[in-house]
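Enquirer: When you get a sec, could you give me coordinates for this:
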Amino acid sequence: MRIVRFTLILLTTVLVVTEAATQERSRPRAREAGVIVGVLQPGPLNAITDVGGVAVGHTTLIRGDNVRTGVTAILPHNGNLFREKVPGAVFIGNAFGKLAGSTQVNELGEIETPILLTSTLNVPRVADALIDYMLAVPGNEDVQSINPLVGETNDGFLNDIRGRHVGRDEVFAAIKNARGGPVDEGAVGAGTGTVAFGFKGGIGTSSRKLPQSLGGYTVGVLVQTNFGGILTINGAPVGRELGKYYLKEELSSANSTTNLSLSNNPDGSIIIVIATDAPIDHRNLQRLAARSMMGLARTGAAGSNGSGDYAIAFSTASELRIRNIPNARNQKSNVTLLSNEAMSPLFLAVIEATEEAIYNSLFRATTVTGRGHTVEALPIDRTLEILRKHDALKR
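Expert: A predicted model of the protein is given here:
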């Protein structure tokens, strides 16, 4: 019976993602629309998968009138992550969130499972399923401890969050469907029911590749956006001119009371996942993750009390893998790490890629209705008019 249900989940996922992809083809990515962020060049796909070996998979759940949720899996490499862990770090901008597994990552400086993103109340269920998945990986038959790394944002405005609809089958499907290449963005996977700046948010990705003179390294970012503020694109006050931004009502009337409308609420969260092929360890990965918050700030995020802002960074450099085999942990590493001074170009790369990934999550998302609410997609034409007015588009 479980095999039949898993097959149905896979089929449903394919149908939903195909439908979403068809709807979103008419909505360009930010760069395609002329929004050129920063000075560094993106990788060929302008996605986290520009970092060699990284794969992304989604399970998107759209059922009836109330289920608008899902799970997104990011795999640092296609091998056994428990036996070949990657250097990793977590940086916390604001800790109003549930990032399972973060303390061990920062204690040991390593990541040993795929990174999964989902809905707030689904974190325990997704973590449990991820443990099931890792225990079943060939070679892990004697494993007695797994540190599942699972992040979340709250999609309860559009989704029946209390139903906790993401379980074992959905998690297995996302991991098994993970691929390199182009990444589906917008209202897919963990971003199916999320909201950003009062518009439909979701999954977004971007990358930057340093020139050979700076090492030729790639930094890729994937975001799950679900937060508020005053949307700013390339410095242009888009949210203000669209009339949808945090504190609008309070500032328009001295007698106004606290307004909890969607566009006026800064709460929510963002998960930022950062991959790089640069040979850097936990300490500099944490410094890299910290800089992603500067990219978040550029977009006009309010950094509210109720926003969980987390960044997870890892290196795919094969020479840095922590191999969990007999006597391996007693071996000394002869790897040459990047110096502190060499980090500065990577810092700029992650700032630019984070900013653009957030824009892509908005540009690619489509309007979604759920639980009696409708969250409109960012109006592309009007947004581009505002950007032209403020000279924020490529000529």
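Enquirer: Would you state the strands of the stretch 251-395 of the chain in chain order?
Expert: Assigned by DSSP state E, counting those that start in this stretch, the stretch 251-395 of the chain shows strands spanning 268-276, 307-315, 322-323, 368-370, 373-375.
Enquirer: Turn these into TSV, including mean neighbour count, distance to Leu81 and mean pLDDT.
Expert: From N, CA and C alone the C-beta is placed, and that goes for glycine too. Shown next, in TSV, are these (neighbours: other CB atoms under 10 Å; distance: least, CB to CB, whole Å; pLDDT from 0 to 100):
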stretch	mean neighbour count	distance to Leu81	mean pLDDT
strand 268-276	29	13	97
strand 307-315	27	10	97
strand 322-323	14	10	94
strand 368-370	21	32	98
strand 373-375	16	35	97
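Enquirer: so which of those strands gets nearest Asn80?
Expert: Of all the strands of the stretch 251-395 of the chain, it is strand 322-323 that lies closest to Asn80, at 10.0 Å by CB to CB.
Enquirer: and the closest one, which strands flank it?
Expert: Using DSSP bridges, strand 322-323 pairs in its sheet with strand 84-95 (antiparallel).
Enquirer: What's the local residue count around Phe96?
Expert: When neighbours are counted by other CB atoms under 10 Å, Phe96 registers 17.
Enquirer: Start the count at 868 instead of 1 going forward.
Expert: Noted, 868 is the first residue going forward, which turns the last one into Phe963.
Enquirer: Now do the contacts for the nearest residue to it once chain neighbours are set aside.
Expert: Once flanking residues are discounted, Phe963 sits nearest to Gly1175: 4.5 Å by CB to CB, 6 or more residues apart in numbering. Counting by CB atoms under 8 Å, 6 or more residues apart in numbering, Gly1175 touches Asn961, Ala962, Phe963, Gly964, Lys965, Leu966, Glu1019, Thr1020, Ser1136, Ile1137.
Enquirer: at 7 Å what do you get?
Expert: Contact partners of Gly1175, counting by CB atoms under 7 Å, 6 or more residues apart in numbering, are Asn961, Ala962, Phe963, Gly964, Ser1136.
Enquirer: and Gly931, how far is that from Arg1031?
Expert: 15 Å (CB to CB, to the nearest Å).
Enquirer: Quick check on these two: which one has the bigger neighbour count.
Expert: Taking neighbours as other CB under 10 Å, Gly931 and Arg1031 compare with Arg1031 leading, 17 against 8.
Enquirer: Provide the secondary structure category for Gly1060.
Expert: Under DSSP: H, G, I helix; E, B strand; the rest coil, Gly1060 falls in the coil class.
Enquirer: Then Val923?
Expert: Relying on three-state DSSP, one would call Val923 strand.
Enquirer: same check, this time on the one 5 residues further on
Expert: The three-state label for Leu928, taken from three-state DSSP, comes out as strand.
Enquirer: Tell me which residues touch it, please.
Expert: When contacts are counted by CB under 7 Å, 6+ apart, Leu928 touches Val934, Thr936, Gly937, His1032, Val1033, Glu1037, Thr1059.
Enquirer: same question, Gly1018
Expert: By CB under 7 Å, 6+ apart, the contact list for Gly1018 reads Leu966, Leu984, Ile1138, Tyr1177, Ile1179.
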